[in-house]
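Undergrad: sequence? don't have it. structure:
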C-alpha cells in the first residue's frame, strides 16, 4: 500500500493504482471534469501509475493548464476523425494554424473539399469517438524510430522538428491505432471530450472549443475577418520562404541562411509601416493616429518607426503615451483580487485626456503631463505642444481603439491601428504556438532587463494582464483602419537566449513553476541565435535590448 496526501488528508491505495482511479473518488467534489493532476509538484496525466507515497492535487478543465490539455486532446481526436473521414491517401497535410474565434483554424492541403457535408461527417465521427470512450495511451520510442514512423505517416514537419531534439527518446500518443506527437499532456480518454463544434471557414475549417471560464460551453463562432487575413498573409509568406515551423527555422540557422530571413522579415515590416504612413498622409483630415495592442506587442517601437515614416511623408508627428494620463495611484481601480488594475479604462483620467486633446486640435498651446510610476502621481515638466497644419498626434495605449477613451476627437480625424504579435510560426503541423506565449516570452525578457522583475513575477501577473486584454483590447480589433503584425519568425531563437536563464530561476515550490517549466520545454525545440544581427530599429530590440528608440 502507498499513502497519498490530498487536501491535507492521507488516503491508502494499492501500489500500482493510476491517478485516474484516485481521481474518480474525488470527482464529486469538483464542479468540472478532472483532466490532469500534480504529483509532488510535478504535472502528470491521469494515466500515471502511483508507486510511492506522494502529495496529489487535481486540475480541472476550468484551469488554464487543464483547458489547454482539453483543447489539445480534442485536437488529437479531431485529427483521427479527419483522416478517417477524408481518407489518409487524400490528405497531403492538415495544418493546425492560428486562433480564430476562440478556436483553431485548420488548413487542409490535398484532395479534400471542406463543405457543410464534410464538416457534418467529421463532427459525427468525433462524437462517435466520444461515445466509445477510447483510451489515449503513450508509448516511448527512440527519437530515430519516431522520425521513421512520422515519415511513413507523411508528417514531414514532425520529422523536421525531431531532428533537433536533444533527447534520445520521444513520447508518441496513440488513439486506437492513430498516433501523433504533441507538445503537452493529454486527457485520459475521449469520453470527456464532448464539448466542441466545427465551422467551415475560408479555405479550411475552425475547431471551436470551450475556454477555461466556461468549460462546458462552446463559444459562439465570431471570426474577426481583418485579423484573420493578416494572419493568413503572414502564413503564406512564411510558407513561401520555407519558415512556417520551428524545424524549418532551425534549418535556416544551421545552414547559415537565417540572416537573409532576418533582413527580409525586417524589410517586409518596414514596407508595411511605410504603407500605413502613406495611407494616413493621403487622408488630409487625419489629426490623431490611435495605436492599440496587447501587452508586449511592440507598440512603442512601432509608434516610433511610424513617426519616422510620417516625417518622410511631410508630416510632423508628436507621440502621446496614454500611460501619461493615468489617474493618481490612490484613485486606481481594484480588480476582483483587490489589486490595482491598470488595464481598465477607468485607470486613465479620461476627462483630462480629452480636454487636452480637444484643446490641441483647436490650436491651443498645452502642457503635456508625465506619470511618475515611483510616486504614483501625475507631473508636469514644461513639455508644451501647439499643433500646426502639418502636425499629427501619434497616441499609443491599450484603449486607443475604444472610442470611449477619445470621445472628444471627431471620428473622421482619427486613424486607428491595431498592433499585435500574430505569429505565423508553428511547432509543427499539429502543434500551434499561442500568440499569448509569444508575447509572454517577450515580456519576461524585457521585464528582467529593464525593470528588474523576475520571470516568476511576470508569470504571476500574466493572467491579470490577459483578462484585461480580453475585456479592453480584443473586442475592438476589427475597429482598426490598419492592422500591423509585429511577430517575426526568427525572434524565438533570439528570445530563447535571454528567456531560458530567467525561467530556470523560478523556484520549483512557486505556483508559477509549472508554467515556467512548460515554457522551458517549448524553448527546447528552438535553436538559439545571438542578437548581433538584430537591427537597432527592430521591434525585437525593444525586448532584447539595443534599440535606438527610447523604449
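TA: Structure received. Model, not experiment: these values are computed from the prediction.

Undergrad: Give the rounded mean pLDDT of stretch 431-439.
TA: Averaging pLDDT along stretch 431-439 gives 94.

Undergrad: no, scratch that, I was asking about stretch 251-269
TA: 96.

Undergrad: I'd like to know which elements the helix or strand in which residue 417 is found is packed against.
TA: Residue 417 is located in strand 414-420, with elements delineated by DSSP states H and E. With contacts defined as 3 or more Cβ pairs under 8 Å, 6 or more residues apart in numbering; DSSP states H and E, the packing partners of strand 414-420 are helix 258-282, strand 288-292, helix 299-312, strand 482-485. Heads up, the C-betas are built off the backbone N, CA and C, glycines and all.

Undergrad: out of the ones you listed, deepest packed?
TA: Across the helices and strands packed on strand 414-420, averaging neighbours per residue (mean count of other Cβ atoms under 10 Å) puts strand 288-292 on top, at a mean of 26.

Undergrad: Sheet partners, orientation included, of that strand?
TA: Strand pairing for strand 288-292, determined by DSSP bridges: strand 391-396 (parallel), strand 414-420 (parallel).

Undergrad: What confidence value was assigned to the nearest residue to residue 424 once chain neighbours are set aside?
TA: Nearest non-adjacent residue to residue 424, counting by Cβ to Cβ, 6 or more residues apart in numbering: residue 234, 3.8 Å away. Looking at residue 234, its pLDDT is 93.

Undergrad: The one 3 residues further on now?
TA: At residue 237, the pLDDT value in this model is 94.

Undergrad: contacting residues around it?
TA: With contacts defined as Cβ atoms under 8 Å, 6 or more residues apart in numbering, residue 237 is in contact with 268, 424.

Undergrad: thinking again about what came up before, reformat the helices and strands packed on strand 414-420 as CSV; add distance to residue 546.
TA: Formatted as CSV, those follow (distance: least, Cβ to Cβ, whole Å):
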stretch, distance to residue 546
helix 258-282, 14
strand 288-292, 22
helix 299-312, 12
strand 482-485, 21
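
Undergrad: Tell me the helix or strand right after the strand holding residue 417.
TA: Note on strand 414-420: by DSSP H and E, the next helix or strand toward the C-terminus is strand 426-428.

Undergrad: which outside residues touch that next one?
TA: Residues contacting strand 426-428 (Cβ under 8 Å, 6+ apart): 95-97, 155, 157-158, 160-161, 181, 183, 244-247, 432-433, 522, 525.

Undergrad: On the strand side of things, show who residue 107 bridges to.
TA: The partner residues for residue 107, given DSSP bridges, come to residue 95.

Undergrad: and it, how far is that from residue 426?
TA: Counting by Cβ to Cβ, to the nearest Å, the separation of residue 107 from residue 426 is 11 Å.

Undergrad: and the gap between residue 14 and residue 374?
TA: 59 Å.

Undergrad: who has more neighbours, the two?
TA: When neighbours are counted by other Cβ atoms under 10 Å, residue 14 and residue 374 differ, and residue 14 comes out ahead with 9 against 5.

Undergrad: surely the more buried one meets residue 21?
TA: No - here residue 14 does not reach residue 21: they are 9.2 Å apart, not a contact under Cβ atoms under 8 Å.

Undergrad: Next, show the common contact partners of those two.
TA: Joint contacts of residue 14 and residue 21 (Cβ under 8 Å, 6+ apart) do not exist.

Undergrad: Which residues are in contact with the residue nearest to residue 424?
TA: 422, 423, 424, 485, 487.

Undergrad: For residue 448, state which of those residues is nearest.
TA: Closest approach between these and residue 448, by Cβ to Cβ: residue 487, at 20.6 Å.

Undergrad: sec struct for that closest one, please.
TA: Classification of residue 487 by DSSP: H, G, I helix; E, B strand; the rest coil places it in coil.

Undergrad: just checking, it touches residue 422?
TA: Yes - assessed by Cβ under 8 Å, residue 487 is found in contact with residue 422 at 5.7 Å.

Undergrad: Need the overlap of contacts for the two.
TA: By Cβ under 8 Å, 6+ apart, the residues touching both residue 487 and residue 422 are 234, 435.

Undergrad: Residue 473 and residue 424, how far apart?
TA: Shown here: residue 473 relative to residue 424, a distance of 21 Å by Cβ to Cβ.

Undergrad: cool, and residue 190?
TA: Distance from residue 190 to residue 424, by Cβ to Cβ: 31 Å.

Undergrad: What of residue 255?
TA: For residue 255 relative to residue 424 (Cβ to Cβ), the value is 21 Å.

Undergrad: neighbour count winner among these two?
TA: Between residue 255 and residue 424, counted using other Cβ under 10 Å, the more crowded position is residue 424 (24 against 8).

Undergrad: Please name the residues that touch the more buried one.
TA: Taking Cβ under 8 Å, 6+ apart, one finds 98, 231, 234, 235, 237, 238, 244, 487, 489 in contact with residue 424.

Undergrad: Looking at these, which is nearest residue 539?
TA: Distance to residue 539 across the contacts of residue 424 (Cβ to Cβ) is lowest for residue 487, with 8.9 Å.

Undergrad: what residues are up against that closest one?
TA: For residue 487, the contact set (Cβ under 8 Å, 6+ apart) comprises 234, 420, 421, 422, 423, 424, 425, 435, 438.

Undergrad: Thanks a lot, catch you later.
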